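[1] Return a 3D structure for these sequence lines:
(one chain, ligands or ions: 1)
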Amino acid sequence: MGINLNYNVSAHRVLHDQKMKDMLPIMRDTGVSTLWLFGYFYGRFESELSEIEKAKKYLESEGFEVNAISIPVGHPGNALDGDISSHTDLTIPDTWHYRVNGEGKNTYFCAAIDDVMIKDNAEAAKKLRDIGITKIFYDDDLRTSSSSSEIGGCFCEKCIEEFNSETGHNFDREILYGILTSDEGAEEIKEAWTDRNCRLVVKFLKEVTHEGLTSGIMIAQGGKRLSGTDIPLIKKEVPETFFRVGEGNFTDEKLNTEEGKKGLIKSLLTHKELIGDISKTYSETTVFPARALSPENLVEKMRIEIKCGLKNIYLMSGVWLIDEPYWEAIKKAMPELIALSEQY
Ligand SMILES: [Zn+2]
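    As a prediction, the model looks like this:
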């Protein structure tokens, strides 16, 4: 298995933006083999479904494999517009609910996993499957927490009520959050809360995975059960799931430090080992905000990931389109990177 280079693009732009069209042969010459079309973002299709279908056919005729990527819960903060502040709608549908943090505040712009959002995402996945999409990646690890060191879950009244009725407790938010964030004791309660969040992620993955369609989850750097992602449980319950590992280090500032590199490698290797199948393991090779990671450092990040044994390299850049200097740098490095991938 050589390197499989992945990137994602907007269907609308593929069809209507000349700059994007001009970039396609450059991407292909660089070695990009798979393009993931923006799918269902924050509860709405990023492009019209008919455009996604048309763009898929067009890109396939241009020689790419085509899948889709969705952002099912949104993201705490703006993770899309890395270039200029445009007008991407980051709100979630009124029928969903924002995840409430331990202090009782809404997390903008990030939904909690509930039955309505699962149903909407499952229907969207079915629509994508019906136009021929066979793989959907779900970005942002379904965000039951804003960072992997923070205890996950939604602390709204309704979610706490559900937890209480499942476990026979009668906690209010303040007491529950106090228990969950205490250093010692109450292990049973902590475990029940964590288990609930991990199971919600699994429930989501089960319901969005239809016949003829497989799903992927993107794990945050250091992502673990505490933050809602239980890789062994996902593998057991939804065995076809694929994974992204190695989030973080999107900027030169981060990647240029020893700590940044070490954190990336440690998290990547931990997740890779738990996944145990390199064909189902993708990197997150991200530049964000636009140009914050130099072309040289993007290549360096690929080098690190390949040395960790990854074969599926997934380039990301929010909704900003990676521009020519980057493709040139990657193209130049490809022979070296392919040779390197054969050693690891
Ligand atoms: Zn809630």
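[2] Give me every residue in the stretch 1-150 of the chain lying close to the ion.
    Counting by Cβ under 5 Å from the ion, the stretch 1-150 of the chain comes close to the ion at Ala112. Quick note: C-beta positions are derived from backbone N, CA and C, even for glycine.
[3] okay, now whichever residue of the stretch 201-344 of the chain sits closest to the ion: neighbour count?
    Per Cβ to the ion, Gly228 is where the stretch 201-344 of the chain lies closest to the ion, at 13.3 Å. Gly228 has 26 neighbours, counted by other Cβ atoms under 10 Å.
[4] May I have the phi/psi pair for the residue lying closest to it once chain neighbours are set aside?
    Among residues not flanking Gly228 along the chain, Thr144 sits closest, at 3.2 Å (Cβ to Cβ, 6 or more residues apart in numbering). The phi/psi pair for Thr144 (degrees, to the nearest 10) reads phi -80, psi 0.
[5] Quick check, Thr144 in contact with Ser227.
    Yes - in this structure, Thr144 is within contact of Ser227 by Cβ atoms under 8 Å, at 6.5 Å.
[6] Can you check which residues contact both of the two?
    Gly152 (Cβ atoms under 8 Å, 6 or more residues apart in numbering).
[7] Next one: Thr251 from Leu310, what distance?
    20 Å (Cβ to Cβ, to the nearest Å).
[8] of the two, who's got more company?
    Per other Cβ under 10 Å, whichever of Thr251 and Leu310 has more neighbours is Leu310, with 24 against 18.
[9] Doesn't the more buried one lie inside a strand?
    No - assignment of Leu310 by DSSP: H, G, I helix; E, B strand; the rest coil gives coil, placing it outside any strand.
[10] any idea how far Leu200 is from the ion?
    Leu200 is 10 Å from the ion, where distance means Cβ to the ion, to the nearest Å.
[11] what about that residue, which helix or strand?
    helix 187-208 (DSSP states H and E).
[12] Where does the residue lying closest to Arg28 once chain neighbours are set aside sit: helix, strand or coil?
    Of all residues not flanking Arg28 in the chain, Gly63 sits nearest, at 6.0 Å (Cβ to Cβ, 6+ apart). Of the three states, Gly63 takes coil according to three-state DSSP.
[13] Go ahead and confirm Gly63 touches Met27.
    No - with contacts counted by Cβ under 8 Å, Gly63 stays clear of Met27, the gap being 10.3 Å.
[14] Please say which of those two ends up with more neighbours.
    Comparing Gly63 with Met27 by other Cβ under 10 Å, the one with more neighbours is Met27, at 23 against 11.
[15] wait, what's in contact with that one?
    By Cβ under 8 Å, 6+ apart, the residues touching Met27 are 7, 35, 327.
[16] Tell me where the stretch 151-300 of the chain has helices.
    All helices of the stretch 151-300 of the chain, identified by DSSP state H, counting those that start in this stretch, fall at 157-167, 173-180, 187-208, 231-237, 252-255, 258-275, 295-307.
[17] so what does the shortest one touch, helix or strand wise?
    It stands for helix 252-255. Applying 3 or more Cβ pairs under 8 Å, 6 or more residues apart in numbering; DSSP states H and E, we find helix 252-255 packed against helix 258-275, helix 295-307.
[18] Please render the ones you listed as JSON lines that adds mean neighbour count, mean pLDDT and distance to Tyr177 to the earlier fields.
    As requested, the helices and strands packed on helix 252-255 are exported to JSON lines (neighbours: other Cβ atoms under 10 Å; pLDDT from 0 to 100; distance: least, Cβ to Cβ, whole Å):
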{"stretch": "helix 258-275", "mean neighbour count": "17", "mean pLDDT": "94", "distance to Tyr177": "26"}
{"stretch": "helix 295-307", "mean neighbour count": "20", "mean pLDDT": "97", "distance to Tyr177": "36"}
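[19] could you redo these as TSV and give each row distance to the ion?
    TSV is the format used below for the helices and strands packed on helix 252-255 (distance: least, Cβ to the ion, whole Å):
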stretch	distance to the ion
helix 258-275	27
helix 295-307	35
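[20] got a markdown table for these, with distance to Val238 too?
    As requested, the helices and strands packed on helix 252-255 are exported to a markdown table (distance: least, Cβ to Cβ, whole Å):
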| stretch | distance to Val238 |
| --- | --- |
| helix 258-275 | 13 |
| helix 295-307 | 25 |
